[in-house]
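Asks: Compute the structure for the input listed below.
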Amino acid sequence: MRRIFFAFVSLTFLSLLPPALAQGTAFDFQGQLDVNGSKANGNYDMVFTLFNTNANGVVIAGPLTNSATAVSNGLFSVTLDFGSSVFTGNSLWLDISVSPSGSNTFVELTPRQTILPTPYAIYSANAAKATVAASAASISASNINGTVSAAQLPGTVLTNGAISVNLAGTFSGNGSGLTGVNGAVPWQIVSGTNVQAASNTGYMLTNNSPVTVVLPLSPNPGDIVRISCPGGSGWKVVENAGQTILNNIEFQFNWTPKFNLNLDDAAQSADGSKVVGSDPSGEILTSTNFGATWTIQAGAPSETWVGVASSADGTKLVAVAYLAGIYTSTNSGVTWVDETNAPTPGWTGVASSADGAKLAAAGFDEDGSGAIYTSTNSGMTWVEHADTVDEGDEWQSIVSSADGTKLAALSFYNNSQSGYIYTSTNSGVTWVEQSNAPNANWVSIASSADGTKLAAIGNNLVYTSTDSGVTWVNRPVTPFGYYDSIASSAGGMRLVIAASVDGQIVTSKDGGISWAVQQNAPSTNAGGESLDWYLVYSSADGTKLLALIPPSQGGGITVTVPTGNLTGEPNSAVELQYVGNGRFMPISYTGGITGL
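Replies: Here you go, the predicted structure:
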């Protein structure tokens with residue numbers, strides 16, 4: 001057997017392509033092959049394999065077979081291409097086996113040959129695409145492919161989405177370029193008399209004349225507008241079409257007296273624009289502009305009216321007459337129908353559901369016993385509930401939830417004793433005496449739209465309930481007064497009460513926890529006599545109010561004026577937040593805020 005050995009005269013690795021970004025991965029291998037001490041000539045099959053060690057080890061790439069490689073005077077040259085992925089900077093050894101061409105008698109040559117730095121030019125050309133960023137000393141960012149993990153970045157780098165980050169140092173600027181940052185509200189100085197507000201911006205008004213601030217046209221929920229007026233002549237906020245300001249501030253309302261009217265009861269539509277009233281002469285009057293002007297309804301019968309109620313839209317009305325009957329209207333009071341199936345006790349009050357279908361009336365029968373009747377078909381038929389209500393009660397007032405299922409009624413006294421409060425949760429079919437309610441000479445009760453929040457006046461004290469009358473809390477009013485009437489917004493948080501002796505009208509924005517005297521409400525009539533308010537009414541949002549002067553003082557009413565604007569006095573400020581659906585909500589304020 002011939003002994004074949006391999007001797008290197010030279011070992012050179014050359015790139016087959018010129019140095020450029022697009023260079024390939026093949027290289028030339030040149031060597032000298034000796035056979036039994038003589039330089040080989042002829043064709044030989046050669047196999048090339050890369051290992052990770054100089055003996056045994058793991059195959060990294062190959063084998064590559066070069067068949068019929070020409071050898072002349074011992075010299076040969078082959079082109080090898082193991083690809084770029086094998087040259088990662090680790091040490092490699094080339095294993096070579098040879099066989100005379102076609103004989104398949106391969107002999108492995110020893111030792112394996114170490115891969116010298118020249119082939120690593122392939123790896124160097126690919127260093128711009130380093131597989132481990134830490135192995136590249138300096139790489140252009142534009143040449144980095146793949147994902148660099150946050151762990152491979154320096155600790156001082158702030159990444160998008162980082163949490164619990166504390167930044168130190170000094171930051172300057174007014175923040176005018178920031179958007180979508182909660183709490184970032186830069187301020188602008190407004191020296192003119194008009195400004196179109198932008199979202200998340202504060203406006204300091206410095207003009208000596210009143211300044212008009214127009215709300216943002218296209219705000220996003222959560223956007224903020226701030227207004228500050230450190231002097232000057234005040235300001236007003238103007239809404240764009242489809243916008244409104246929710247009123248949860250204890251405003252000082254603007255009031256307009258109407259001393260030429262003499263009403264003994266009234267009712268409002270939900271928005272307060274439509275008002276119906278009865279006067280002692282037997283007439284029914286209506287208004288479609290918040291009580292600014294009134295029309296005597298000639299189609300209404302002349303009766304001794306003691307109570308009126310209205311549907312939410314103001315089209316369906318009901319009126320009860322003392323020892324007479326019940327009349328209804330479906331066209332805002334233009335024409336009336338005598339409900340002949342209705343009883344004729346001494347009515348004291350009537351209530352209506354929002355749709356005008358469910359009605360409840362309270363009073364006393366001819367024998368003097370208390371009586372409550374209900375109707376579920378807009379007054380066409382009536383059912384008496386004498387069996388579930390103490391007949392000794394002299395009913396003073398009755399109220400209904402918007403759907404007509406929850407009712408509440410109170411009596412001034414019961415068999416010469418203090419009165420009680422009764423509630424029903426099934427449209428008056430059954431009633432429960434609320435034993436936790438204090439015994440008092442009750443005179444007035446009001447209900448929220450859902451019937452859960454009640455407010456009542458008895459013995460000149462105000463009590464509220466948030467569980468449909470099961471429990472009650474005394475709400476002291478400062479200053480103390482002889483309060484005779486109470487009304488509630490649909491939400492039950494905005495309350496208004498009227499005093500019958502000292503001429504005060506007092507409002508609350510928080511369900512009776514705190515109270516504010518309406519300083520702008522008139523306190524004397526046309527003759528200079530101190531007014532004794534005895535009935536008050538409220539729109540669903542609690543901003544359109546109406547109060548009556550008793551006929552004994554010549555009669556008259558006062559109504560809040562719906563300006564459509566939020567206004568502020570000098571040295572006042574307000575913060576408004578957009579809550580969606582065209583609504584802005586005041587979330588803080590200071591100073592005198594007037595208007596609606």
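Asks: moving C-terminal of the lowest-mean-pLDDT helix or strand in the chain, what's the next helix or strand?
Replies: The helix or strand of the chain with the poorest confidence is strand 13-15; it has a mean of 38 (mean pLDDT, DSSP states H and E). Next along the chain after strand 13-15, taking DSSP states H and E as the criterion, comes strand 27-35.
Asks: Which parts of this structure belong to which domain?
Replies: 4-129, 270-500 (automatic domain parsing).
Asks: Among the ones you listed, single out whichever gets nearest to Ser523.
Replies: Within the domains of the chain, the stretch nearest Ser523 is domain 270-500; the backing value is 10.4 Å (Cβ to Cβ). Heads up, the C-betas are built off the backbone N, CA and C, glycines and all.
Asks: start to end distance for that closest one?
Replies: Using Cα to Cα, to the nearest Å, the span of domain 270-500 from its first residue to its last is 26 Å.
Asks: Quick check: Leu261 touching Pro280?
Replies: No - assessed by Cβ atoms under 8 Å, Leu261 is found out of contact with Pro280, at 11.5 Å.
Asks: The two: who's more crowded?
Replies: Higher neighbour count among Leu261 and Pro280: Leu261, with 19 against 12, using other Cβ atoms under 10 Å.
Asks: ok, that one - contacts?
Replies: Contact partners of Leu261, counting by Cβ atoms under 8 Å, 6 or more residues apart in numbering, are 277, 279, 285, 294, 555-557.
Asks: what secondary structure does it sit in?
Replies: Under the three-state scheme (DSSP: H, G, I helix; E, B strand; the rest coil), Leu261 adopts coil.
Asks: distance of it from Thr206?
Replies: 44 Å (Cβ to Cβ, to the nearest Å).
Asks: Distance to Ser530 added to the domains of the chain, as a markdown table?
Replies: As requested, those are exported to a markdown table (distance: least, Cβ to Cβ, whole Å):
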| stretch | distance to Ser530 |
| --- | --- |
| domain 4-129 | 93 |
| domain 270-500 | 10 |
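Asks: deepest of those domains, which one?
Replies: domain 270-500 (a mean of 20; mean count of other Cβ atoms under 10 Å).
Asks: about what we covered before: which member of the contacts of Leu261 is positioned nearest Gln577?
Replies: Distances from Gln577 to the contacts of Leu261, taken by Cβ to Cβ, are shortest for Ile557, at 35.0 Å.
Asks: how about the nearest residue to that closest one, chain neighbours excluded?
Replies: Excluding the flanking residues, the one nearest Ile557 by Cβ to Cβ, 6 or more residues apart in numbering is Lys258, at 4.9 Å.
Asks: And Cys229, by the same measure?
Replies: Leu205 (4.6 Å).
Asks: does the one you found really touch Ser233, like I thought?
Replies: No - between Leu205 and Ser233 there is no contact under Cβ under 8 Å: 9.3 Å.
Asks: And the two? Which one has more around it.
Replies: Counted by other Cβ under 10 Å, Leu205 and Ser233 do not tie: Leu205 has more neighbours, with 30 against 14.
Asks: Tell me how far the closest residue to Gly299 other than its chain neighbours lies from Ala357.
Replies: Distances taken as Cβ to Cβ, 6+ apart place Thr335 nearest to Gly299, at 4.6 Å, with adjacent residues excluded. Using Cβ to Cβ, one gets 19 Å for the distance from Thr335 to Ala357.
Asks: In terms of secondary structure, what does the lengthiest strand in the chain contact?
Replies: Determined from DSSP state E, the single longest strand within the chain is strand 59-71. Here strand 59-71 touches strand 42-51, strand 75-80, going by 3 or more Cβ pairs under 8 Å, 6 or more residues apart in numbering; DSSP states H and E.
Asks: what's the model's confidence in the shortest one, averaged?
Replies: Read it as strand 75-80. Taken as a whole, strand 75-80 carries a mean pLDDT of 86.
Asks: any weak-confidence spans in the stretch 51-200 of the chain?
Replies: 116-143, 155-156, 161-165, 169-184 (pLDDT under 70).
Asks: which residues of it fall in helices?
Replies: Along the stretch 51-200 of the chain, the segments classed as helices by DSSP state H, counting those that start in this stretch run 121-125.
Asks: for it, what spans make up the strands?
Replies: Here the stretch 51-200 of the chain has its strands, by DSSP state E, counting those that start in this stretch, at 59-71, 75-80, 93-100, 107-108, 113-114, 187-190, 194-196.
Asks: Using TSV, please lay out those strands together with distance to Pro301.
Replies: Formatted as TSV, the strands of the stretch 51-200 of the chain follow (distance: least, Cβ to Cβ, whole Å):
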stretch	distance to Pro301
strand 59-71	109
strand 75-80	115
strand 93-100	118
strand 107-108	125
strand 113-114	120
strand 187-190	58
strand 194-196	53
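Asks: Compare the helices and strands packed on strand 59-71 and give me the one nearest Leu495.
Replies: strand 42-51 (90.1 Å).
Asks: Contacts made by the closest one with the rest, please.
Replies: Contacts to strand 42-51, defined as Cβ under 8 Å, 6+ apart, come from residues 29, 33, 57-71, 76, 78, 80, 82, 86, 92-104, 106, 112, 115.
Asks: Likewise for stretch 521-528?
Replies: Under Cβ under 8 Å, 6+ apart, the answer for stretch 521-528 is 253, 255, 257, 259, 503-505, 530-531, 547, 549, 553-554, 556, 558.
Asks: Tell me the strands beside the one helix or strand Ile587 maps to, with direction?
Replies: Using DSSP H and E, Ile587 sits in strand 583-590. Applying DSSP bridges, strand 583-590 is found paired with strand 244-245 (parallel), strand 572-580 (antiparallel).
Asks: Can I get that strand in CSV, CA atoms only?
Replies: Extracted C-alpha coordinates of strand 583-590, given in CSV (Å, rounded to 0.1, in the frame of the first residue of the first chain):
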residue,chain,number,x,y,z
ARG,A,583,-70.4,67.8,27.3
PHE,A,584,-68.0,69.8,29.4
MET,A,585,-67.9,69.4,33.2
PRO,A,586,-66.6,71.9,35.7
ILE,A,587,-64.1,70.0,38.0
SER,A,588,-62.9,73.0,40.0
TYR,A,589,-63.5,76.7,40.5
THR,A,590,-63.0,79.6,42.7
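Asks: So which of the strands paired with strand 583-590 is nearest Ile144?
Replies: strand 572-580 (43.6 Å).
Asks: quick one: buried residues of that closest one?
Replies: 572-578 (16 or more other Cβ atoms under 10 Å).
Asks: Provide the secondary structure category for the residue nearest to Gly299.
Replies: Thr335 ends up coil, using three-state DSSP.
Asks: Would you mind checking the average pLDDT for stretch 40-47?
Replies: pLDDT averaged over stretch 40-47 gives 89.
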